[in-house]
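**Student:** sequence and predicted structure, then a few things I'm wondering about:
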Amino acid sequence: MLPGIVIKPLKRFADERGFFTEIMRKDWEIFEDEIVQANLSITYPGIVRAWHKHERGQVDYFV
(Lines give C-alpha, C1' and ligand atoms only; values in the text may rest on other atoms or scores of the structure.)
Protein backbone atom coordinates (compact mmCIF):
# COMPACT_ATOMS: atom_id res chain seq x y z
CA MET A 1 0.00 0.00 0.00
CA LEU A 2 1.16 3.55 -0.69
CA PRO A 3 2.26 5.66 2.31
CA GLY A 4 -0.48 7.94 3.66
CA ILE A 5 -3.36 5.89 2.23
CA VAL A 6 -6.30 5.53 4.62
CA ILE A 7 -8.84 2.75 4.14
CA LYS A 8 -12.26 3.66 5.51
CA PRO A 9 -15.13 1.17 5.41
CA LEU A 10 -18.16 2.73 3.71
CA LYS A 11 -21.75 2.17 4.82
CA ARG A 12 -24.18 1.16 2.09
CA PHE A 13 -27.84 2.02 2.62
CA ALA A 14 -29.84 -0.21 0.26
CA ASP A 15 -33.46 -1.04 -0.45
CA GLU A 16 -35.53 -2.29 -3.40
CA ARG A 17 -34.98 1.02 -5.28
CA GLY A 18 -31.17 1.02 -5.22
CA PHE A 19 -28.54 2.21 -2.78
CA PHE A 20 -26.81 5.26 -1.33
CA THR A 21 -23.24 5.49 0.01
CA GLU A 22 -21.38 8.42 1.58
CA ILE A 23 -17.99 8.52 -0.16
CA MET A 24 -16.47 11.46 1.78
CA ARG A 25 -17.60 13.57 4.71
CA LYS A 26 -15.96 16.64 6.23
CA ASP A 27 -16.41 15.28 9.77
CA TRP A 28 -14.34 12.14 9.01
CA GLU A 29 -11.22 14.29 9.66
CA ILE A 30 -9.13 12.47 7.05
CA PHE A 31 -9.58 15.08 4.32
CA GLU A 32 -7.76 18.40 4.30
CA ASP A 33 -9.65 19.94 1.38
CA GLU A 34 -12.86 21.98 1.43
CA ILE A 35 -15.05 19.00 0.54
CA VAL A 36 -18.17 18.94 2.70
CA GLN A 37 -19.66 15.69 1.46
CA ALA A 38 -19.63 13.39 -1.58
CA ASN A 39 -22.16 10.63 -2.19
CA LEU A 40 -22.81 7.78 -4.59
CA SER A 41 -26.44 6.98 -5.43
CA ILE A 42 -27.48 4.11 -7.71
CA THR A 43 -31.07 3.59 -8.86
CA TYR A 44 -31.98 0.16 -10.20
CA PRO A 45 -33.56 -0.19 -13.68
CA GLY A 46 -37.32 0.43 -13.77
CA ILE A 47 -37.28 2.70 -10.70
CA VAL A 48 -38.28 6.38 -10.87
CA ARG A 49 -37.22 8.73 -8.08
CA ALA A 50 -38.81 12.12 -7.43
CA TRP A 51 -36.90 15.36 -7.92
CA HIS A 52 -36.08 17.38 -4.81
CA LYS A 53 -34.57 20.76 -4.01
CA HIS A 54 -31.70 21.80 -1.75
CA GLU A 55 -32.49 25.04 0.08
CA ARG A 56 -28.80 25.97 0.27
CA GLY A 57 -26.65 26.07 -2.84
CA GLN A 58 -24.62 23.07 -3.88
CA VAL A 59 -21.85 22.39 -6.35
CA ASP A 60 -21.60 19.04 -8.13
CA TYR A 61 -18.31 17.66 -9.44
CA PHE A 62 -17.99 14.28 -11.16
CA VAL A 63 -14.81 12.51 -12.21
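**Tutor:** Right, received. Where do you want to start? The structure presented is a predicted model; accordingly, all values stated were derived computationally and were not measured. Residues are numbered from 1 along each chain as shown.

**Student:** what about the closest residue to Lys26 other than its chain neighbours, how many residues close to it?
**Tutor:** What sits nearest to Lys26 in space, not counting adjacent residues and going by CB to CB, 6 or more residues apart in numbering, is Val36, at 5.0 Å. Heads up, the C-betas are built off the backbone N, CA and C, glycines and all. Counted with other CB atoms under 10 Å, residues neighbouring Val36 total 12.

**Student:** any idea how far Arg56 is from Val36?
**Tutor:** Counting by CB to CB, to the nearest Å, the gap from Val36 to Arg56 is 10 Å.

**Student:** what helix or strand is the residue nearest the centre of the chain located in?
**Tutor:** The centroid of the chain falls nearest to Asn39 when counting by CA atoms, centre = their mean (1.1 Å). Using DSSP states H and E, Asn39 sits within strand 37-43.

**Student:** kindly report the same for Met24.
**Tutor:** In this structure, Met24 sits in strand 18-25 according to DSSP H and E.

**Student:** which strands border that strand, and is each parallel or antiparallel?
**Tutor:** Within its sheet, strand 18-25 is paired with strand 12-15 (antiparallel), strand 37-43 (antiparallel), according to DSSP bridges.

**Student:** low-confidence ranges, this structure, go.
**Tutor:** 31-33, 54, 58-63 (pLDDT under 70).

**Student:** 90 - rerun?
**Tutor:** 1-9, 23-41, 48-63 (pLDDT under 90).

**Student:** is it true that the residue nearest to Lys26 touches Asp27?
**Tutor:** No - with contact defined as CB atoms under 8 Å, Val36 and Asp27 do not form a contacting pair (9.4 Å).

**Student:** spit out the contact partners of Ala38.
**Tutor:** Contact partners of Ala38, counting by CB atoms under 8 Å, 6 or more residues apart in numbering, are 22-24.
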